[in-house]
Structures are given as C-alpha cells and as structure tokens.
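[1] Fold the following, please.
(one chain, ligands or ions: 2)
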Amino acid sequence: MYKRMYLLRFTKDNIDQPLICDLVKKYNLDFNILRADIFMQQDGVMMLELAGPRKNVQAGLKYLKKNEVKVETLATVISRDDDKCFQCGACTGRCSTGALSIKRPEMAVIFDPEKCTACGLCVPVCPVQAMHISLDKSVRFDYQRVEDSGQAKEEVTVPE
Ligand code: SF4
Ligand code: SF4
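    Ligands and ions are numbered 1, 2, ... in the order given. Below is the predicted model of the structure:
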C-alpha cells in the first residue's frame, strides 16, 4: 500500500465541497486528517495522510488539483530504534529500495537511511515498533501554514 502525507491548501471557494469524502468514494482511499485549519468562506489548510494503491492516490491528487486544491508533499523521515530492534529481518521483505537489508554471514539487519524513500511499509510489520515514521524536523505546522523548506516539501506532479 502506498502511503504519503500531504498538505492541502483550500480556497474559500472550494472549502465547503466534500472533496475528501470523494477521495474515499471515487478513489477508494483511506485518509487520516492529522491537522486542519478550516473555516467556512476562508482559505484553509489541512495535513492529510492518504493510503491506497499508488495509482488511486495519484488519481485522487489529480482530482483535488482539478478542484483548485493546492497539494504539497510533506517529507517524512524513517528512523530505527536500535535498542528495540532484535534483528528478526521481517522488515526487509517489505523494503524494495534496499534500505533495509540482511548482511551475510552475520545475518545482521542493516538500515541505510540514504536509500530510504520513507514509504512507511516497514513500520507496521515490525513486531517491536522499532521503525518510526515522522515528519521532517524542518516542517512546522503552525495552524496557518507550513514553513517553507525546499527539502521539506515539494510540489506534487501528477501525470496527465
Ligand atoms: S522488523 Fe523490527 S525488529 Fe525486526 S529487523 Fe526490522 S526493525 Fe528490527
Ligand atoms: S520506509 Fe520504505 S524505503 Fe524506507 S526502510 Fe522502510 S520499507 Fe524501506
């Protein structure tokens, strides 16, 4: 499952439309509203986690953009608590980038943050919750806006 966090900026013209419900109904996506600053007839901002098949997420984002919602990706960071990790290897089967791998012959589970794309797939499979996902520390949500950071967020480009 593809899971990402986004920052959505609504305008006073689209803020009262059921666009988030449409993501569920039309695109079969799961969502989790992490923060929101929404008032009728005002511009608003929402931090949203979306999950589902990648093509559905992309189609849902395209739908939001068509409805004049500005969408930004929020960068996330994956870290491992080495005190908790007992090297079982369960997470390596979910990691397609090689960020989690088994080093032989020691059979040690290596985590290479440089290869990690922060997809989050390894987080739920860890039996001791050693893998953590969090927002990039340079991102700050102050109920009005997320502070700009070239590394922290990027414009979402959705293929036509
Ligand atoms: S699943 Fe958890 S405990 Fe097992 S190797 Fe991965 S991080 Fe360590
Ligand atoms: S978040 Fe994704 S890319 Fe990063 S270590 Fe976990 S499974 Fe691999």
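
[2] By mean pLDDT, flag the weakest helix or strand of the chain.
    strand 153-155 (a mean of 41; mean pLDDT, DSSP states H and E).

[3] which bits of this structure sit near ligand 2?
    By the rule C-beta under 6 Å from any ligand atom, the part of the chain lying against ligand 2 is 78, 94-95, 97, 99-100, 116-122. Backbone N, C-alpha and C define where each C-beta goes, glycine included.

[4] Just the buried residues of those.
    With neighbours counted by 16 or more other C-beta atoms under 10 Å, the residues of the chain next to ligand 2 contain buried members at 78, 94-95, 99-100, 116, 118-122.

[5] Redo those as a markdown table? Include pLDDT.
    What follows is those, written out as a markdown table (pLDDT from 0 to 100):
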| residue | pLDDT |
| --- | --- |
| 78 | 88 |
| 94 | 92 |
| 95 | 92 |
| 99 | 93 |
| 100 | 97 |
| 116 | 85 |
| 118 | 78 |
| 119 | 78 |
| 120 | 81 |
| 121 | 84 |
| 122 | 90 |
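
[6] now, which of the residues you listed lie within strands?
    In this view, these that belong to strands under DSSP state E are 78, 100.

[7] residues near the closest residue to residue 109 other than its chain neighbours, how many?
    Distances taken as C-beta to C-beta, 6 or more residues apart in numbering place residue 87 nearest to residue 109, at 4.8 Å, with adjacent residues excluded. Neighbour count of residue 87, defined by other C-beta atoms under 10 Å: 13.

[8] In this structure residue 87 contacts residue 108, no?
    Yes. Contact status for residue 87 versus residue 108: in contact at 6.1 Å, counting by C-beta atoms under 8 Å.

[9] And the residue lying farthest from the centre of the chain, how far from residue 72?
    Within the chain, residue 105 marks the point farthest from the mean C-alpha position, 34.5 Å out by C-alpha atoms, centre = their mean. Here the criterion is C-beta to C-beta, to the nearest Å. By it, residue 105 lies 45 Å from residue 72.

[10] now residue 115
    Taking C-beta to C-beta as the measure, residue 115 falls 24 Å from residue 72.

[11] neighbour-wise, which of these two wins?
    Between residue 115 and residue 72, counted using other C-beta under 10 Å, the more crowded position is residue 72 (18 against 13).

[12] What residues are bridge-paired with the more buried one?
    Note on residue 72: beta-bridge partners by DSSP bridges are residue 7, residue 155.
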